[in-house]
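# sequence below, structure please.
(one chain, ligands or ions: 1)
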Amino acid sequence: MTRQTMAPITEPKNSNSTILSQKLSSVSGKYITIPNIPMCEKHLLQDLDINGGSWVDSMRASSPTHLKSITSLTPSAFPLELPSALDMFKHIINSSKGKQIVMFLDYDGTLSPIVDDPDRAFMSDAMRSTVRRLAKHFPTAIVSGRCRDKVYDFVQLPKLYYAGSHGMDIKSPANKGFKYPKKSQEVVFQPASEFIPMIEKVYKTLSEKTKNILGASVEHNKFCLSVHFRRVDENKWNELAHEVRSVLEEYPELQLAQGRKVFEIRPTIKWDKGKALEFILESLGLANCKDVFPVYIGDDRTDEDAFKVLRDRGQGCGILVSKIARKTNASFYLQEPPEVMSFLQRLVKWRRESLKRRFRL
Ligand SMILES: [Mg+2]
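All right, here's what the predicted structure looks like:
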């Protein structure tokens, strides 16, 4: 892994406020922790055992369609025990006082609804407009398992950071005139470049092996792959699991995790959405700054890496997007993309009002 492609670290200088001050405040940017949240990290990001026999159960649990089945699959309603980020909005804002808020947003299931056809996971114009306004006030990054180009095509906003392929393909906003990063040099970081030929090969093999399983599709995300089974009849899940397993047995350099009705195949390098979050903070010149308040919003198991980084750093907060029970390192929940939009709109409104107040003084 190399960081040679990374631009020089931006020196945050904001003459209008002390928000970006390099002086470390005596009050650190604490991660908002709500007591008594059950956590079991070992299970949070547990990759599937490709030799194990519980694939179909795991596939069934990955994104239950009917609320009726949730109770039986998940004994405790963890997200429901988390406070809502909307209910706790004032608390979150108070915790961020004097700190630079940095926004990290997953795409599928967070900004866009989960749909049967992953190629049609469009975000609404209202959501796009909200994210555009958000990015005017806070450095904002989209962090997705998708190929970066594809997620950019969905979002279509140039002033954002984009981290595709689960953070293995990061690009900063394209230069000058933008508030972040301060310097005009573009940041591009691709720590898994050497895996491109292997991913290409596995993509072809998996596409061939799954072509007769109705509804299955393999998505090429450049540095990783997604095998979607949302549209596959449950009777065929065993067959699909067998095919995926048989291919991956030939590639110990690749690991498998499960998202919402999708298998995620990616290199075994120590890089994930949490590392991407840290990298982006670093490129903003905020990695070692205590006066930073990162907010990460996501719905997927892979987003837990980022929630955990924030929890370990003791900064900001993680917000899980979920209507169903799940173990998580997040501190708050939002139920679905419309609630995410409401939260983001409130954040923009609060920021505008606080700026107005500041200029009046
Ligand atoms: Mg997602």
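# use CA for all of it now, contacts and neighbours both
Fine.
# show the pLDDT at residue 37.
In the prediction, the pLDDT value recorded for residue 37 is 33.
# repeat that for residue 153.
Residue 153 carries a pLDDT score of 97 in this model.
# now the chain against the ion: closest residue?
Here the residue of the chain nearest the ion is residue 108; by Cα to the ion that distance is 4.0 Å.
# if that residue is in a bridge, with which residues?
residue 112 (DSSP bridges).
# tell me what the host helix or strand of residue 310 is packed against?
Using DSSP states H and E, residue 310 sits within helix 304-313. For helix 304-313, the packing partners by 3 or more Cα pairs under 8 Å, 6 or more residues apart in numbering; DSSP states H and E come out as helix 273-283, strand 292-298, strand 317-321.
# is stretch 322-330 in proximity to the ion?
No. Judged by Cα under 5 Å from the ion, stretch 322-330 makes no contact with the ion; its nearest approach is 10.2 Å.
# return the set of buried residues in the helix or strand hosting residue 242.
When elements are assigned from DSSP H and E, residue 242 belongs to helix 237-248. By neighbour count on 16 or more other Cα atoms under 10 Å, the buried set for helix 237-248 is 237-238, 240-242, 244-245, 248.
# mind putting those residues in JSON lines, distance to residue 258 and pLDDT included?
Output for the buried residues of helix 237-248, formatted as JSON lines (distance: Cα to Cα, whole Å; pLDDT from 0 to 100):
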{"residue": "237", "distance to residue 258": "13", "pLDDT": "94"}
{"residue": "238", "distance to residue 258": "15", "pLDDT": "92"}
{"residue": "240", "distance to residue 258": "13", "pLDDT": "95"}
{"residue": "241", "distance to residue 258": "11", "pLDDT": "94"}
{"residue": "242", "distance to residue 258": "15", "pLDDT": "93"}
{"residue": "244", "distance to residue 258": "12", "pLDDT": "96"}
{"residue": "245", "distance to residue 258": "13", "pLDDT": "93"}
{"residue": "248", "distance to residue 258": "14", "pLDDT": "95"}
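# which members of these are the farthest-apart pair?
Greatest spacing in these, by Cα to Cα: 237 and 248 (16.4 Å).
# spell out which parts of this structure neighbour the ion.
Residues of the chain lying close to the ion (Cα under 5 Å from the ion) are 108-109, 299-300.
# all helices of the stretch 101-250 of the chain, in order?
Secondary structure of the stretch 101-250 of the chain (DSSP state H, counting those that start in this stretch): helices at 125-137, 148-155, 196-209, 237-248.
# contacts for the third one?
Contacts to helix 196-209, defined as Cα atoms under 8 Å, 6 or more residues apart in numbering, come from residues 217-220, 222-225, 243-244, 247.
# run the chain-centre distance for it.
Distance of helix 196-209 from the chain centroid (Cα atoms, centre = their mean, to the nearest Å) equals 25 Å.
# and the angle for that helix with helix 237-248?
Between helix 196-209 and helix 237-248, the angle comes out at 150 degrees (axes from the mean of the first three to the mean of the last three Cα atoms, to 10 degrees).
# in helix 196-209, what counts as buried?
For helix 196-209, a neighbour-count test (16+ other Cα under 10 Å) marks 198-200, 202-203, 206-207 as buried.
# so, low pLDDT: which residues of this structure?
Applying pLDDT under 70 to the chain picks out residues 1-54, 61-80, 175-185, 361.
# now do the strands in it.
Per DSSP state E, the chain carries strands over the ranges 100-105, 140-143, 161-164, 169-171, 188-189, 217-220, 225-228, 254-259, 262-267, 292-298, 317-321, 332-334.
# show me what the second one is packed up against.
Using 3+ Cα pairs under 8 Å, 6+ apart as the contact criterion, the secondary-structure elements in contact with strand 140-143 are strand 100-105, strand 161-164.
# try 10 Å this time
Applying 3 or more Cα pairs under 10 Å, 6 or more residues apart in numbering; DSSP states H and E, one finds that strand 140-143 makes contact with strand 100-105, helix 125-137, helix 148-155, strand 161-164, strand 169-171, helix 273-283, strand 292-298.
# residue 117: neighbour count?
Residues near residue 117, counting by other Cα atoms under 10 Å, number 12.
# next one: residue 250
10.
# any idea how far residue 304 lies from residue 171?
22 Å (Cα to Cα, to the nearest Å).
# distance from stretch 270-277 to the middle of the chain?
10 Å.
# between the residues of the chain next to the ion, which is closest to residue 291?
Ranked by distance to residue 291 (Cα to Cα), the residues of the chain next to the ion are led by residue 299 at 26.3 Å.
# ok, the closest one - contacts?
Residues in contact with residue 299, defined by Cα atoms under 10 Å, 6 or more residues apart in numbering, are 105-111, 259-260, 319-323, 333-337.
# could you pull up phi and psi at it?
With angles defined as degrees, to the nearest 10, residue 299 sits at phi -110, psi -10.
# burial count for the nearest residue to residue 320 once chain neighbours are set aside?
The shortest distance from residue 320 to any non-neighbouring residue, by Cα to Cα, 6 or more residues apart in numbering, is to residue 333 (4.6 Å). Residues lying near residue 333 (other Cα under 10 Å) number 29.
# tell me the contacts of residue 333?
Listed by Cα under 10 Å, 6+ apart, the contact partners of residue 333 are 78-88, 297-299, 318-323, 339-340.
# list buried residues within those residues.
Counted by 16+ other Cα under 10 Å, the contacts of residue 333 give 78-82, 84-86, 297-299, 318-322, 339-340 as buried.
# who's in contact with residue 230?
So residue 230 contacts 59, 63, 65, 114-118, 215-217, 260-262 (Cα under 10 Å, 6+ apart).
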